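> Give me coordinates for this.
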Amino acid sequence: MVTTLLFALSPSFAAERPAGSAEAQTAIYFENIRRDPNLLVAFLREMPKGGDLHVHLSGAIYAETLIQWAKDQHACVDPKTFSLSPALRQSTGEPVCPTPTVLAEAALSNPVLYRGMIDAYSMRNVEFSGQSGHDHFFDAFEKFGAATSSENTGKMLADTANRAASQHEIYQELMFTPTGKPFSDMMNSDVVRAIKLRDEATTEDFAALQKALEHNGLTNAFEDAIQQVNDAEKNRNELLKCATRAADAGCQVTQRYLFQVGRGRPREIVFAQILMGFEMARADPRFVSLNLVMPEDYYIPMHDFSLHMRMLKHLHAQYPNVPLTLHAGELAAGLVPPEGLRFHIRDSVEIAGAERIGHGVDVLNENSPLQLLDEMAQKKVMVEICLSSNATILGVSGRAHPLHDYMRAGVPVALATDDEGVARSDMTHEYLRGAQDQNLTYLELKRMARTSLEHSFIHGASLWSDGKTFAPVKDCAGSVSGATVPLACQKFLEANEKAKLQMTLEQQFREFEGRKWPAITVESSPAVAR
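Below you'll find the predicted structure:
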């Protein structure tokens, strides 16, 4: 049961409950505390939030945890750049770090090194880094990469699950790339290496490369990826003590995966990873989609963007039942030439067939932007909104952010964390930024929580017959707002993972909104009086 400290605030708070529905009472309380950041963050921490659909697994880990893992691995760190690297091994098996690096465990007794590593692996004190937010953010991943290798995937899953549970999330879609030696062997086979994709590569070129991959190791790469995930989930469950009486709260968070494609890699590798992503999503229900990652403004992602869209179109046609989410429009004026802002979101929707867009910040810079917004609304293309990320990386916040433009156009939106460890954030603070920076109401935040599950890619039918009005399906009509669930609805929920999660969220909202909210007056709250 969630603590009641939030509601035992002051004798000056009236005990009478406002008139109206529980949802209306909650909305009133939210408006009354809107300008009190302490009460607001306490409220939002306990608010049900549904799912987080845009999470880079390695970027979700806080720097303090990365340092501990580096210590456990006997990794080395450069005291000037703070980059981690594997230690060398002496004949005795003892780890040794080549000059100028030192063992990462030195940071635990060296406050200067420790705080330097935290700042290097995150956006903390970025204003003193001498870099732009954009460059500091993306450089961090190379520095701490040795601590987020595949051997720590299970630890990362456990860490993010527990934090999600503490934020009252019940679902995550996590991006990572389970490739290893079999994938490298496939790419290094003579037949595959002989095929080079040109700028103007055609479907025939894609088909030739696909055939070469299928005949030279794709099955081995796929089986290796499955084994990596099996091992990681086993490790996660052991760390969280799942299926025991001492199970951590993270065991209650449903995790699904997006195959992460490095779009800054050579073209043939990008194609092979896209193929792997589609195949994983087709064959393994734990993988629900794929996504292209790495900075959108770098040379290869910009130069090869249209080629990547054609790759996706070619393969999506072969895997029509695999939904697609794509990073697009994580750009701002000045970051790239003006023409680089004109087509990424549109092409992701119209050519690749994306059902969700990650970020979508530059949408009003696209060609015919109002028509594009209308098209996205008609196609129900959801946008994964990452407010903290957009503010720190792109410098886009407040009225400059297109969130309300999407909302006015009827485009479904939901908040997401992106890289909560690097950003030093969490879902509660994404909601806080939504309330403070975007002036979102309680009902708008609640709609986003519902939207996150409605547009999740987890298998099964939706609880809602209409995902815009949130009217329930016939079998569950009347069950959403009631305490009991009839047999027909129970059977429907058991058959559909998505609907089951959605019903859990509705039950959480019913409990959350059913509380006795205190009445806050101007006299009782100096913050409200401002």
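
> Which SSE is immediately downstream of the helix or strand containing Ser452?
When secondary structure is defined using DSSP states H and E, the element that contains Ser452 is helix 442-454. On the C-terminal side of helix 442-454, the closest following helix or strand by DSSP H and E is strand 464-466.

> Work out the gap between the helix or strand following that next one and the centre of the chain.
Remark: after strand 464-466, the chain's next helix or strand is strand 471-472, criterion DSSP H and E. Going by C-alpha atoms, centre = their mean, to the nearest Å, the spacing between the C-alpha centre of strand 471-472 and its chain's C-alpha centre is 27 Å.

> for strand 471-472, packing partners?
strand 464-466 (3 or more C-beta pairs under 8 Å, 6 or more residues apart in numbering; DSSP states H and E). All C-beta atoms are positioned from the backbone trio N, CA, C, and that covers glycine.

> quick one: buried residues of the strand or helix carrying Tyr29?
For Tyr29, the element it lies in under DSSP H and E is helix 22-33. Within helix 22-33, the residues scored as buried using 16 or more other C-beta atoms under 10 Å are 22-23, 25-30, 32-33.

> cool, stretch 188-200 as well?
Neighbour-count burial for stretch 188-200 [16+ other C-beta under 10 Å]: 192, 195, 197.

> what sits against the second one?
This points to Ile195. With contact set as C-beta atoms under 8 Å, 6 or more residues apart in numbering, Ile195 has these partners: 205, 208-209, 212, 268.

> One more: the last one?
Contacts for Leu197 (C-beta under 8 Å, 6+ apart) come out as 205-206, 209, 267-268, 271, 307.

> farthest-separated two in these?
The most widely separated members of the contacts of Leu197 are Leu209 and Leu307, with 12.3 Å between them, by C-beta to C-beta.

> More neighbours: which of the two?
Leu209 (22 against 19; other C-beta atoms under 10 Å).

> Wait, Thr101 touches His74, no?
No. The pair Thr101 and His74 does not pass the contact test of C-beta atoms under 8 Å, sitting 11.7 Å apart.

> Which one's more surrounded, those two?
Each of Thr101 and His74 had its neighbours counted (other C-beta under 10 Å), and the higher figure belongs to Thr101 (21 against 16).

> who's in contact with the closest residue to the more buried one other than its chain neighbours?
Taking C-beta to C-beta, 6 or more residues apart in numbering, and ignoring the residues beside it in sequence, Thr101 has Cys76 as its nearest neighbour in space, at 3.9 Å. Cys76 makes contacts with 84-87, 95, 97-98, 101-104, as judged by C-beta under 8 Å, 6+ apart.

> distance of Phe512 from Glu46?
7 Å (C-beta to C-beta, to the nearest Å).

> Same question for Glu444.
18 Å.

> you'd agree Phe343 is up against Ser368?
No. Phe343 sits out of contact with Ser368 when judged by C-beta under 8 Å, with a separation of 10.5 Å.

> Looking at those two, which has the bigger crowd around it?
Set Phe343 next to Ser368 and count neighbours by other C-beta under 10 Å: Phe343 wins out with 20 against 11.

> which secondary structure elements does the helix or strand where Leu157 lies contact?
Leu157 is part of helix 153-166, with elements assigned from DSSP H and E. Helices and strands touching helix 153-166, by 3+ C-beta pairs under 8 Å, 6+ apart, are strand 169-176, helix 218-240, strand 254-262.

> Those into CSV, with extra columns for mean neighbour count and distance to Phe144?
CSV is the format used below for the helices and strands packed on helix 153-166 (neighbours: other C-beta atoms under 10 Å; distance: least, C-beta to C-beta, whole Å):
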stretch, mean neighbour count, distance to Phe144
strand 169-176, 25, 15
helix 218-240, 18, 18
strand 254-262, 22, 16
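
> now these in a markdown table, with mean pLDDT?
Compiled in a markdown table, the helices and strands packed on helix 153-166 are given as follows (pLDDT from 0 to 100):
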| stretch | mean pLDDT |
| --- | --- |
| strand 169-176 | 98 |
| helix 218-240 | 98 |
| strand 254-262 | 98 |
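
> could those go into TSV alongside distance to Ala140?
Formatted as TSV, the entries for the helices and strands packed on helix 153-166 read as follows, by distance: least, C-beta to C-beta, whole Å:
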stretch	distance to Ala140
strand 169-176	16
helix 218-240	22
strand 254-262	16
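
> would you list every one of the strands in the stretch 251-400 of the chain?
With DSSP state E, counting those that start in this stretch applied, the stretch 251-400 of the chain shows strands at 254-262, 287-293, 325-328, 356-359, 382-385, listed in chain order.

> closest to Ser452 out of those strands?
Comparing the strands of the stretch 251-400 of the chain against Ser452 with C-beta to C-beta, the closest turns out to be strand 382-385 (8.6 Å).

> Please name the residues that touch Lys143.
Contacts of Lys143 were listed using C-beta under 8 Å, 6+ apart, and they are 81-84, 120-121.

> Now that we're looking at it, what pLDDT does it have?
The confidence metric pLDDT takes the value 98 at Lys143.

> which residue sits closest to it in space, ignoring its chain neighbours?
Per C-beta to C-beta, 6+ apart, closest to Lys143 is Ser83, 4.6 Å.

> Enumerate every residue touching Thr160.
The neighbourhood of Thr160, defined by C-beta under 8 Å, 6+ apart, consists of 55, 57, 60-61, 172, 174, 255.

> 10 Å instead?
Contacts here follow C-beta atoms under 10 Å, 6 or more residues apart in numbering; on that basis Thr160 touches 52, 55, 57, 60-61, 169, 172, 174, 236, 250, 253, 255, 417, 420-421.

> circling back: how far does the helix holding Leu157 sit from its chain's centre?
On the basis of C-alpha atoms, centre = their mean, helix 153-166 sits 13 Å off its chain's mean C-alpha point.

> Let's see that helix as PDB, backbone CA atoms only.
Extracted as PDB, the C-alpha positions of helix 153-166 are listed here (Å, rounded to 0.1, in the frame of the first residue of the first chain):
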ATOM      1  CA  THR A 153      21.900  -7.100 -19.600                       C
ATOM      2  CA  GLY A 154      20.100  -9.000 -16.800                       C
ATOM      3  CA  LYS A 155      21.300  -6.400 -14.300                       C
ATOM      4  CA  MET A 156      20.100  -3.600 -16.500                       C
ATOM      5  CA  LEU A 157      16.700  -5.300 -16.900                       C
ATOM      6  CA  ALA A 158      16.400  -5.700 -13.100                       C
ATOM      7  CA  ASP A 159      17.500  -2.100 -12.400                       C
ATOM      8  CA  THR A 160      15.000  -0.600 -14.800                       C
ATOM      9  CA  ALA A 161      12.200  -2.800 -13.700                       C
ATOM     10  CA  ASN A 162      12.600  -1.800 -10.100                       C
ATOM     11  CA  ARG A 163      12.700   1.800 -10.900                       C
ATOM     12  CA  ALA A 164       9.600   1.500 -13.100                       C
ATOM     13  CA  ALA A 165       7.700  -0.100 -10.300                       C
ATOM     14  CA  SER A 166       8.700   2.700  -7.900                       C
END
